[in-house]
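Student: Everything below, folded, please.
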Amino acid sequence: MSDTASSGPVAPSGLNHLVINVRNLEESHRFWTEILGFAQVGELQGRPDGAPRRGTMRFYSGDHGGGRMNHHDIALVETPSLPPAAEDAAPTAISHIAISLPNREAWLRQLAYLQSRDVKFDRRVEHGMTHSLYIRDPNGYSVELLYELPREIWEGDIQAALNHYVTLPVDGEAALADRTDMPVFARPVPA
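Tutor: Just a heads-up that it's a prediction; the model follows:
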């Protein structure tokens, strides 16, 4: 157990994004963009580690003031096998729930706390815009705990940042390590 494990959980700063499974990506894209006004900011083009993808995934942002986009507020994963929702019931379409921690230090404390409570780490990922830990709630929902990297790292090329995916260890002290030397994603300057 790490020395940074506290006696209780670290309070999150809020939800970061929602990823939902959808039966028809184009129909859902039209709803989230044309009806609700979100803008598409990227599409997952494949996992660099060669792992299979579940389906096409697109990322959308609201306006965060003055036309500033986020890496994503919502993402859609095409899942044609998703059962239709009953008329009077919510669909079972949640891919994962992402919860922001206030900063890197709080996130590392939370990881140590979870490890001290024997919570299984499903996945540790270095994304281009967040560093993330995925765990499961008692119902099996995937919960992503993350801290945001500075905007300067990802806002220059959101597409490239969304496609940056580095798998990290999920056990022992290695699961509590976090690097700070991140690439900066910027669009190539035309010649």
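
Student: Helices of the protein, start to end?
Tutor: 25-30, 104-116, 151-154, 158-162 (DSSP state H).

Student: Need the winner for burial among these.
Tutor: helix 158-162 (a mean of 21; mean count of other CB atoms under 10 Å). Placement of C-beta: from N, CA and C, glycine included.

Student: What average pLDDT does that helix get?
Tutor: Averaged over helix 158-162, pLDDT sits at 93.

Student: returning to that earlier point: out of the helices of the chain, the one nearest Pro80 is which?
Tutor: helix 25-30 (9.1 Å; CB to CB).

Student: by contact count, what packs against the closest one?
Tutor: Using 3 or more CB pairs under 8 Å, 6 or more residues apart in numbering; DSSP states H and E, the elements in contact with helix 25-30 are strand 74-78.

Student: which other helices and strands contact the strand it packs on?
Tutor: In terms of contacts (3+ CB pairs under 8 Å, 6+ apart), strand 74-78 is packed against strand 14-22, helix 25-30, strand 57-61.

Student: And that strand, how far out from the chain middle?
Tutor: Put simply, strand 74-78 sits 11 Å off its chain's centre (CA atoms, centre = their mean, to the nearest Å).

Student: Check stretch 127-142 too.
Tutor: Worked out by CA atoms, centre = their mean, stretch 127-142 lies 7 Å from the chain centre.

Student: Quick check: Arg54 vs Leu76, distance?
Tutor: For Arg54, the distance to Leu76 (CB to CB, to the nearest Å) stands at 12 Å.

Student: Between the two, tell me which one has more neighbours.
Tutor: Just comparing Arg54 and Leu76: by other CB atoms under 10 Å the higher neighbour count belongs to Leu76, 28 against 10.
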